[in-house]
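>>> Sequence plus the predicted model coming up.
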Amino acid sequence: MSIPQSGGGPIERHEQMAEYLASGCKPKDQWRIGTEHEKFGYCRDTLAPLPYDGPRSIKAMLEGLQQKFGWSPVAEGGNLIGLEKDGANISLEPGGQLELSGAPLETIHQTCDEVNEHLREVREVADALGVGFIGLGAAPVWRHEDMPLMPKGRYKLMDGYMQRVGTMGTTMMRRTCTVQVNLDFASEADMVKKLRVALALQPVATALFANSPFLDGKPNGHKSWRSRVWRDLDPARTGMLPFVFEEGFGFEAWVDYALDVPMYFVYRDGRYIDALGQSFRDFLKGELPALPGEKPTLSDWADHLTTLFPEARIKKYIEMRGADGGPWRRLCALPAFWVGLMYDDTALDAAWDLVKGWDAETREALRVEASVNALHGRVGEIGMHDLAREVLAISEAGLKARACPGAGGLVPDETHFLNALKDSVETGTVPADELLEKYHGDWGGDLSRIYAGYSY
């Protein structure tokens, strides 16, 4: 979850909001890869989720990482709520999920090195505390009331609002985890094509990374329950965004969309001011009830953009948001999948050719099928398994064309990071299928066994 933005003067012209987005345009040689992934922490003896404070807690984890590995603290209201170092930060999701927001890196080799180093550091601190961490799309056993809300002002406001819109907002906050990647664009036209491909193909990522078949201690009927949660959270700020595929879409159209999304907060002097349900359009006129007479800054605009939660979104870059959290191989595979599709022009054109004929109903139906059936889903003539195979081949070709070597030149490109996904396409099974097989087989319905088998 995003941290408060800083910098940026007052918004004096409407155009500044689109210019803010456009300022993210970069030449291809400056494109980078930013990977984010979340994980659930728990006490190894009781298998209970970690509280914020105490000898075995999220706070103790953050303090250990700070002391052992030189991370700098990030505090809010006197509470340690994050860490930062070398362009990366570690933050807390609402239910205590620990998130690494990685530094902007040039290659998947560097990304995977970063993932491995982070998990090594987490493991060293966690072992000393008797704590474990597991990568899943949804908490398999813990109930809502088992999950503590972290002491961040943003989350307190969101928690109350989520109980008034949709039905699954508080479940999303406390009991889901994701892996996502943030990628750059060269121009408005490049952003448009990438965002359209990103939205259309998020269901493929959802299917390949589906890893949340359990909730409340039993199967939930979905391969990706995390994806199901997002379908009934808050319709004003989630979804597949059909308007993105309309003629003339660009930065200004995104601004219009964002302005119509109700606000959560305004951040001032280290605290979150309640602006729940209020209008950024009113804010622009100096008529925001939360701050009468005050007009927004570009930092307020940047903060507001972080409260939009569609399947893919733009800020100064594009975020791919459709995948469940999972095992370490897939933490590297997710950025590889999207970099292969997005960072080679031939691959991007091929991906767009594949999806440009789909209508909004098809894209939404694929989203639902991915959530329920993963690679076994079907929408009309489109079989998810065959679609995933074709998309993965495009991604692999894109990575080969990038030809970014690793291991001192011994590895010629980044394609091997797709191996976990290629295994899924070859077998037709994803992590959720494996978990369900164990649950109904060796585990005999005992989900406590998931922790020993699937923790980092």
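Alright, I've got the coordinates.
>>> For the helix or strand where Arg389 lies, which residues meet the burial criterion?
With elements taken from DSSP states H and E, the one containing Arg389 is helix 384-402. Applying a neighbour-count criterion of 16 or more other C-beta atoms under 10 Å, one finds 384-385, 387-389, 391-400, 402 buried in helix 384-402. Backbone N, C-alpha and C define where each C-beta goes, glycine included.
>>> Export only the CA atoms of stretch 449-456, formatted as PDB.
Extracted in PDB, the C-alpha atoms of stretch 449-456 (Å, rounded to 0.1, in the frame of the first residue of the first chain):
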ATOM      1  CA  ARG A 449       0.100 -28.300   7.100                       C
ATOM      2  CA  ILE A 450       0.200 -25.500   4.600                       C
ATOM      3  CA  TYR A 451       2.600 -23.500   6.700                       C
ATOM      4  CA  ALA A 452       5.400 -26.000   7.000                       C
ATOM      5  CA  GLY A 453       5.100 -26.900   3.300                       C
ATOM      6  CA  TYR A 454       4.800 -23.400   1.700                       C
ATOM      7  CA  SER A 455       6.600 -20.900   3.900                       C
ATOM      8  CA  TYR A 456       9.600 -19.000   2.600                       C
END
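>>> Would you mark the buried spots in the helix or strand harbouring Ala205?
For Ala205, the host element (DSSP H and E) is helix 188-208. For helix 188-208, the neighbour count (16+ other C-beta under 10 Å) marks 190-208 as buried.
>>> Next, the angle helix 384-402 makes with that helix.
Inter-element angle recorded for helix 188-208 and helix 384-402: 130 degrees (by axes from the mean of the first three to the mean of the last three C-alpha atoms, to 10 degrees).
>>> burial count for Met330?
You called it Met, but residue 330 is Arg. Neighbours of Arg330 under the rule other C-beta atoms under 10 Å: 25.
>>> Just list the residues touching it, thanks.
Gly135, Val179, Phe209, Asn211, Ala323, Ala420, Leu421, Pro431 (C-beta atoms under 8 Å, 6 or more residues apart in numbering).
>>> again, only using 10 Å
37, 135, 179, 208-209, 211, 323-324, 336-337, 417, 420-421, 424, 430-431 (C-beta atoms under 10 Å, 6 or more residues apart in numbering).
>>> isn't there a helix covering it?
Yes - Arg330: assigned to a helix according to DSSP: H, G, I helix; E, B strand; the rest coil.
>>> quick one: pLDDT of it?
Turning to Arg330, the model gives it a pLDDT of 96.
>>> Next, work out how far apart it and Gln202 are.
According to C-beta to C-beta, to the nearest Å, Arg330 and Gln202 sit 15 Å apart.
>>> With Ala393 instead?
18 Å.
>>> ok now the strand ranked longest in the chain, how far from the chain's centre?
Longest strand in the chain, counting residues (DSSP state E): strand 33-43. Chain-centre distance of strand 33-43: 10 Å, with C-alpha atoms, centre = their mean, to the nearest Å.
>>> on contacts alone, who are the packing partners of that strand?
strand 88-92, strand 98-101, helix 108-129, strand 131-134, strand 178-183, strand 318-324, helix 328-342 (3 or more C-beta pairs under 10 Å, 6 or more residues apart in numbering; DSSP states H and E).
>>> the helices in the stretch 251-400 of the chain, which residues?
For the stretch 251-400 of the chain, the helices defined by DSSP state H, counting those that start in this stretch cover 251-259, 280-284, 298-305, 328-342, 345-355, 360-373, 384-402.
>>> Tell me how far Phe69 lies from Ala198.
Here the criterion is C-beta to C-beta. By it, Phe69 lies 33 Å from Ala198.
>>> what does Ala138 give?
Counting by C-beta to C-beta, the gap from Ala138 to Ala198 is 23 Å.
>>> for the stretch 1-150 of the chain, which spans come out with low pLDDT?
Counting by pLDDT under 70, the stretch 1-150 of the chain has low-confidence residues at 1-7.
>>> So for stretch 104-116, what gets flagged as buried?
Within stretch 104-116, judged by 16+ other C-beta under 10 Å, the buried ones are Pro104, Leu105, Thr107, Ile108, His109, Gln110, Thr111, Cys112, Glu114, Val115.
>>> Equivalent analysis for stretch 260-275, please.
Counting neighbours by 16+ other C-beta under 10 Å, stretch 260-275 gives Val261, Pro262, Met263, Tyr264, Phe265, Val266, Tyr267, Tyr272, Asp274, Ala275 as buried.
>>> With distance to Gly406 added, can I get the helices and strands packed on strand 33-43 in JSON lines?
Putting the helices and strands packed on strand 33-43 into JSON lines (distance: least, C-beta to C-beta, whole Å) gives the following:
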{"stretch": "strand 88-92", "distance to Gly406": "20"}
{"stretch": "strand 98-101", "distance to Gly406": "20"}
{"stretch": "helix 108-129", "distance to Gly406": "3"}
{"stretch": "strand 131-134", "distance to Gly406": "26"}
{"stretch": "strand 178-183", "distance to Gly406": "17"}
{"stretch": "strand 318-324", "distance to Gly406": "22"}
{"stretch": "helix 328-342", "distance to Gly406": "11"}
